[in-house]
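> Sequence and predicted structure, then a few things I'm wondering about:
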Amino acid sequence: MARKRAQRGRWAIPFVALGLVAAACTNSGDPAAEKAPERARSRSAAEDHPLQPDTTTGDQTADPATPTTSTANGQTITGRELLQASRARFTRPLPTVAPAVSTPATVPPTTPPTTTPPDGTVPEEPPTVKEMLPSQELIAKALAAGEITWAQSMLYRAYALFWDPRLPQEFDGIGSTGEDDFFTEARLRFAELDADTQAELAPFLERPTSPQGYGCPLTSNGQPVTWQDSGAANPHFKVWACGTGDAANDIAKVVATLDDVYPAMADPAAMGPALTDAGTASDGADPRIDVYLLDVVPTRLRGSVQKPIEGLAAAAISADDPFVGSTASSYLMIGRPRLGNRAGLRRTVIHELFHAQQYAHNYAITTTHPTGTPWFFEASAAWAEWQFFRSASPLVHGDYFTSGFRTAPELPLELPTTAAGSAAQMLHARWAYLWPFFMQQEAGGDPAPVFGTWKAVASATTWNEFHAAVDKQLQSATTFRDFTVRNLNLDLGPGIGTLYRDLDPEFPTGSSPTLNTDSAITQPGTVVQPIGGPEADGLPSLSAQYDQVLVGTQSNTRTLTLDFTGVPKGIDVTVLTRADDGTWSRHDLAPADILTFDFTDPAQVVSTFYVILGNHDREPNWDKPGGATLGGSYSITSAS
């Protein structure tokens, strides 16, 4: 039996994040969070929407770019001056945690950007190897290798998220993913940072309109641009933008989106309304939820040349007063570059609003590791983009399934949102939108189980109680097998089971998971297939393995035996077989089962088969994960 290993480029998705929607969920509020225990629990995550031409109903054209001139405080400022003034925000000295990386984090000069030096020559940039990884993953790798300190990693993550020009060049990569749970970790561990780093991070954790917050850029004479707001245009939200570009139009665009999507989302039969805020001096003592449209700096100085910043601008939500029990209000932040794509903006707004509504039920649940955000926060918010914006269905499934979930079936469904590991691990909670989608399909198309989960978590205080609320709607132990088979996403006939396209005709049927192995039987023999593959210790909780085998005619197979006696309890075994006439059959097996085909009987001849293994157990402790990982093996024997 000859085998060939399928390419395991599971993380070799140079920037899956850029093909993903990232709605930056963040929980920031007040840098003194550690002095207020009820604020110490904050939730964050982000989803990034690619700025691609809209192909969805009602969103046929992208909005024009922000004009290059505007007025602020009665003075005209050009785009060049705006860039220069914007960069002036970041001229504070860096904290005294000197970078341990080869290129120091320097503050760009305050002179206008140029592309050619005064002598007319084109400067040569020093040779560098640009890793095709997002900034957050490069920062995580440097931290894990001991090349930077944790405090430095927090600074660099903030710089990446907010397009701060001070990000060292070695962390440029292919740009920001839009969020990496930065706000959760910054809020919960703020007291562990040195004073200089606290001072540097504080503006990112304040309301943008507060005196200590992110603020607006400066005009050429050094005066700050003032904030504009939407007034009474929406009864539930107040939208803010700096008076640059076409601020009034940007504000109106977001207000119109809120007007359109919020009523259905806030229906009591859906998520219900988000909680109004406490009203602060920086938001005019207005109890409506605030949405801040952030100006960001578009370039960084690289090799004496101002280069455009790559990646995705921030989109974030921050929990804020009032904190009542496990509930909280919030405010939203959206980078203004996102406003150029109407479908992307609508998805971002829906995603962030869904987080605000989650906080109205329970914002305070943490994993056993306090900075890990439970996966269902991101999963259900990503699902909401599909539920409340059906015309964007191809984009949602493309971003989260085709470019996401299917590429890493061996990652746990319940993987928390953290800033560690690969981009796939950081983004997986959004890709897990597929479970709420599956929940809805199992309920006959009714979204009530997803909303019911959030209503059920209102009294949950622990990781296990949170998962009990999810399981109450749909038990993973009894349904995960069907989930893994449906995720194969191939139309193999009615005998295999339901397809996702039965719920949504736009689901990309035929886009199947990355195979663990793709092998062919060409001669008699036995192959032992380790669970999880030879590079793994086993199959993690709520993950799956897909193996495909072709039976070659030259193998002269007389009997084919699949022996699962080495498979432990907790793993569902499903074999899909194709007969010579093209008919597929499904075999649901238990661990320790043996499946044999006698090829002397034409009815038992198979030409192709898939072996699907799914670990339906939950991880008992995400602080020390691996307790639910199941090892073992199965064998395939061909005899002539």
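Right, received. Where do you want to start?

> Need the pLDDT of Lys130.
pLDDT for Lys130: 49.

> Just give me the neighbour total for Glu414.
Neighbour count for Glu414, taken as other CB atoms under 10 Å: 28. For glycine as for every other residue, the C-beta is placed from the backbone atoms N, C-alpha and C.

> was I right about Gly372 contacting Thr418?
Yes: counting by CB atoms under 8 Å, a contact exists between Gly372 and Thr418, whose distance comes to 5.0 Å.

> Give me the more crowded residue out of those two.
The neighbour comparison of Gly372 against Thr418 (other CB under 10 Å) goes to Gly372, with 23 against 20.

> Give me the nearest residue to the more buried one, chain neighbours excluded.
In space, and not counting its chain neighbours, Gly372 is closest to Pro416: 3.5 Å by CB to CB, 6 or more residues apart in numbering.

> one step back: find residues that contact each of Gly372 and Thr418.
Asp181 (CB atoms under 8 Å, 6 or more residues apart in numbering).

> First-to-last residue distance for stretch 562-576?
Terminal residues of stretch 562-576 lie 12 Å apart, using CA to CA, to the nearest Å.

> what is the rounded mean pLDDT of that stretch?
97.

> Repeat that for stretch 151-167.
Mean predicted confidence for stretch 151-167 is 93.

> so how far is that stretch from its chain's centroid?
When distances are taken as CA atoms, centre = their mean, to the nearest Å, stretch 151-167 is centred 19 Å away from the chain's centroid.

> List the buried residues in stretch 180-196.
Asp180, Asp181, Phe182, Phe183, Thr184, Glu185, Ala186, Arg187, Leu188, Arg189, Phe190, Leu193 (16 or more other CB atoms under 10 Å).

> looking at it, the fourth one is touching Ser318, isn't it?
Yep, that's Phe183 we're talking about. Yes: using CB under 8 Å, Phe183 is in contact with Ser318, at 6.3 Å.

> Report the next helix or strand after the strand or helix carrying Met426 in sequence order.
Assigned by DSSP states H and E, Met426 belongs to helix 423-431. As assigned by DSSP H and E, the chain's next helix or strand after helix 423-431 is helix 434-442.

> list the buried ones in that following helix?
Leu434, Trp435, Pro436, Phe437, Phe438, Met439, Gln440, Gln441, Glu442.

> how far out from the middle of the chain is that helix?
For helix 434-442, the separation from the chain centroid amounts to 18 Å (computed by CA atoms, centre = their mean).

> Which strands or helices does that helix pack on?
Packing contacts for helix 434-442, counted by 3 or more CB pairs under 8 Å, 6 or more residues apart in numbering; DSSP states H and E, involve helix 375-387, helix 448-456, helix 476-488.

> what are the bridge partners for the closest residue in space to Ala603 that isn't next to it in sequence, then?
Closest residue in space to Ala603, ignoring its immediate chain neighbours: Ala579 at 7.7 Å, by CB to CB, 6+ apart. Counting by DSSP bridges, Ala579 is bridged to Val606.

> Can you give me every residue that contacts Thr484?
Pro409, Ala544, Asp572, Thr574, Ile612, Leu613, Gly614.

> How about the fifth one, nearest residue that isn't a chain neighbour?
Read that as Ile612. Thr574 (4.4 Å).

> Many thanks, I have nothing further to ask.
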